[in-house]
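A.B. asks: here you go, sequence then predicted model.
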Amino acid sequence: MRIAIIGAGLVGLATAAGLARRGAQVEVFERAGQEPPAGAGISLFPNSRKAMRRLGLGDGFDRLPHGPPSGTRTAMRRRDGHIRFSAPAPRDHGVRMFYRNDLREFLLESCDDVAFHWGATASVADDGDRLRRACLTVDGGGGAPGGPRTVGGWDLVIAADGLRSRTRTALGLDPGLRYAGYTAWRGVTADPVDTGGTAGEDWAGEHRFGTVPLADGRVYWFAVASRPAGETAVSRGLASEKDAVRREFAGWYETVGALIDATPEDAVLRHDIHDLARPLRVFHRGRVALAGDAAHAMTPDLGQGAGAGFEDASALCDLVSGAGGDRQDHRERQDVVALLQRYSAQRARSAARVLLASRFMGKVAHRRRRTR
C-alpha cells in the first residue's frame, strides 16, 4: 500500500514508523526543515505506552531515559510553597516524562525505509474514493523548479498537520478553533534544579505552575495564566517571554523563580491555548484520514494530546494491516474507504470524550478563586 503522511510531528512520525513496519510504502511531507523545532517537555501516560507497543515501538520506547526519577512524590502547592496535597512516590505510576526532542529523535530513528520530503508543503488535491486514488499538490521539497507539482496514486493519505490543519479545512471538516482563555509558557532548564523530590501542578487563582523532573536532572516546567488572546511580551513592553512569565509569577515560592531563571531566554516558549470549537464526528473523507491535533486538538489540561494521537496511529496501523478487529476478507482489507470508516467509528467518539473532559478541567482550573 502506498501511503503519504502530511506532517512530521510526533504523531506523524509514530504513524510512519508503524506503517513501515507493516510493509507499507510510506512517504512523509513536512513543510519545515529537518532540524528539530524549539522543544520543551512532554508527559505520556500508560495509554501512550500501550499504543507504542501496538505500533511495534514498545521495546525502544521502554529503553528511552525518562523522568520522573525514582522516589519522586506528586505534590500540589499554594503560591507561597505550602503543600496542600502530597502523594507518596509510587513504585511505577506508568507516567513517562521526556524532553520532547529526545522522543522525536527516537521516532525518526524508528522510521526505517520511510522517504522524507523536508521543506515540502503538501495539500490534498483529490481525496479519492473507492476506485480513485488520492492526489497531493506538493510545493518545495526538492521537486522540479517552477512551482507546485501534483503527486498522485496514493492509496491512503494521513494528515497529521496539527492544530491549524490545512487538510481539515480542505476536507470541509473544520469546526474552527476556540480560545480557551489562557496562555501557556513552557521551558526546560539548562541545568539540573532541585524541586524537593516532587513533581506536580500548583493552582492559585487563574494561574498554574507545573514542574516535571526529567531523567538527567533538568526540569521541564510550564506556567499557565488567564490572559487576553494574542498578547505577547512585546505588546506588554517587555523584552522577552522569559521576562513576561517571570513578572506574571512574581511573588510565587522560590523554586518557581529558580526554574524560570535557569532556562535560557530563547528556550522559553509561549502559546495561547486553543482547542477545536466542537469535536469532529468523523476523522476522514475519501482516502484521507486526520490524526493527532488535526483530528482532535484539545487543551493540555489532561496531558492527553499526544497520547490520543498515538492511539490514532496505532488504530490506523492495525486497520491497514488487517489486525484491528474482526476478521475480514481480502477485498474488504483493500477497501481503504471502508477501513477509514472503521477508523472514524473507533476513534472519533473516544477522542471527543477526552477533548471535552480536557476542556472541563481547564475551566475548573481557571475559575476565579481566592488565592493564598
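C.D. replies: It's in.
A.B. asks: alpha carbons only for contacts and neighbour counts from here, please
C.D. replies: Fine.
A.B. asks: any regions of this protein where pLDDT drops low?
C.D. replies: In the predicted model, the chain carries pLDDT under 70 at residues 89-93, 142-146, 323-334, 368-372.
A.B. asks: residue nearest the centroid of it?
C.D. replies: Closest residue to the average C-alpha location of the chain: residue 306 at 3.7 Å, with C-alpha atoms, centre = their mean.
A.B. asks: hmm, residue 11 and it touching each other?
C.D. replies: Yes. Here residue 306 reaches residue 11: they are 7.1 Å apart, a contact under C-alpha atoms under 8 Å.
A.B. asks: so how far is residue 280 from residue 40?
C.D. replies: Applying C-alpha to C-alpha, to the nearest Å, one obtains 28 Å for the distance of residue 40 from residue 280.
A.B. asks: same thing with residue 367?
C.D. replies: In this structure, residue 367 lies at 27 Å from residue 280, with C-alpha to C-alpha as the measure.
A.B. asks: before we move on, what about residue 151?
C.D. replies: Using C-alpha to C-alpha, one obtains 28 Å as the distance from residue 151 to residue 280.
A.B. asks: these two: which is more packed in?
C.D. replies: With other C-alpha atoms under 10 Å as the criterion, residue 151 and residue 280 differ in neighbour count, and residue 280 comes out ahead with 19 against 15.
A.B. asks: does the more buried one sit in a helix, a strand or a coil?
C.D. replies: coil (DSSP: H, G, I helix; E, B strand; the rest coil).
A.B. asks: for the stretch 251-372 of the chain, what spans make up the strands?
C.D. replies: 269-276, 284-285, 288-290 (DSSP state E, counting those that start in this stretch).
A.B. asks: most tightly packed of the ones you listed?
C.D. replies: Among these, strand 288-290 has the highest mean neighbour count (mean count of other C-alpha atoms under 10 Å), at a mean of 29.
A.B. asks: each with direction, which strands does the strand or helix carrying residue 139 pair with?
C.D. replies: Using DSSP states H and E, residue 139 sits in strand 134-140. Next to strand 134-140 in the sheet, as set by DSSP bridges, lie strand 120-126 (antiparallel), strand 149-154 (antiparallel).
A.B. asks: now the strands for the stretch 1-150 of the chain?
C.D. replies: 2-6, 25-30, 41-44, 73-77, 83-87, 96-99, 115-118, 120-126, 134-140, 149-154.
A.B. asks: closest to residue 209 out of the ones you listed?
C.D. replies: Put simply, out of the strands of the stretch 1-150 of the chain the one that sits nearest residue 209 is strand 73-77, at 9.3 Å, with distance taken as C-alpha to C-alpha.
A.B. asks: what lies in contact with the closest one?
C.D. replies: 83-90, 197-203 (C-alpha atoms under 8 Å, 6 or more residues apart in numbering).
A.B. asks: make it 6 Å
C.D. replies: Under the criterion C-alpha atoms under 6 Å, 6 or more residues apart in numbering, residues 83-89, 198-202 lie in contact with strand 73-77.
A.B. asks: how close does the nearest residue to residue 38 once chain neighbours are set aside sit to residue 220?
C.D. replies: The spatially closest residue to residue 38, leaving aside those adjacent along the chain, is residue 267, at 6.9 Å (C-alpha to C-alpha, 6 or more residues apart in numbering). As defined by C-alpha to C-alpha, residue 267 lies at a distance of 11 Å from residue 220.
A.B. asks: please say which of those two ends up with more neighbours.
C.D. replies: Neighbours were tallied for residue 267 and for residue 220 using other C-alpha under 10 Å; the higher tally belongs to residue 220 (26 against 17).
A.B. asks: list the contacts of the host helix or strand of the more buried one.
C.D. replies: Taking DSSP H and E as the definition, one finds residue 220 inside strand 219-225. Outside strand 219-225, the residues within contact range by C-alpha under 6 Å, 6+ apart are 41, 182-189, 206-213.
A.B. asks: which of those fall within strands?
C.D. replies: The strands in this structure, assigned by DSSP state E, contain 41, 182-188, 207-213 from those.
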